[in-house]
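**Student:** What follows is a predicted structure for the sequence shown.
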Amino acid sequence: MWRLRATETTPGNLDAQVQEILAQLTDDIAVWSRLASEYDMDLYCGWFMEKENEGFGVSAITLRELGPRGIELSLDIYSGDSATPKSHQA
């Protein structure tokens, strides 16, 4: 298993973090094709929101870089307000 981490950003910047990780790796699509034929590849991202309803996007540039490499983007999204008991909400 490879494990690479991006620098934490505040506010979160998924595109910059993905670009940071990809910059450490080869751009050679033939290498990526060989890897994809032998291994499952996935870029796992945990997104920790400060509020219950907060959005973010993934740019077309980032998607274009992941797709040819056969890298699946997996997201776990955690709501910041969900832990607040309903009896304490206004």
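**Tutor:** Good, I have the coordinates.
**Student:** Contacts for whichever strand or helix holds residue 63 next, please.
**Tutor:** Following DSSP states H and E, the helix or strand that holds residue 63 is helix 60-66. With contacts defined as Cβ atoms under 8 Å, 6 or more residues apart in numbering, helix 60-66 is touched by 14, 15, 18, 19, 22, 43, 72, 73. Every C-beta, even on glycine, is put in place using the N, C-alpha and C of the backbone.
**Student:** Which residues are in contact with the third one?
**Tutor:** If a contact means Cβ under 8 Å, 6+ apart, then residue 18 has 6, 43, 62, 65, 66 as its contacts.
**Student:** Can you tell me which of the residues you listed comes closest to residue 55?
**Tutor:** Nearest to residue 55 among these, counting by Cβ to Cβ, is residue 62 at 15.9 Å.
**Student:** Now do the closest one: how many residues are near it, please.
**Tutor:** By the criterion of other Cβ atoms under 10 Å, residue 62 has 19 neighbours.
**Student:** ok, it to residue 18 distance?
**Tutor:** Applying Cβ to Cβ, to the nearest Å, the value for residue 62 to residue 18 is 5 Å.
**Student:** The lowest-mean-pLDDT helix or strand in the chain pairs with which strands, and in what direction?
**Tutor:** Of all helical and strand segments in the chain, the minimum by mean pLDDT, DSSP states H and E falls on strand 42-48, at a mean of 87. Next to strand 42-48 in the sheet, as set by DSSP bridges, lie strand 72-78 (parallel).
**Student:** Much appreciated, bye for now.
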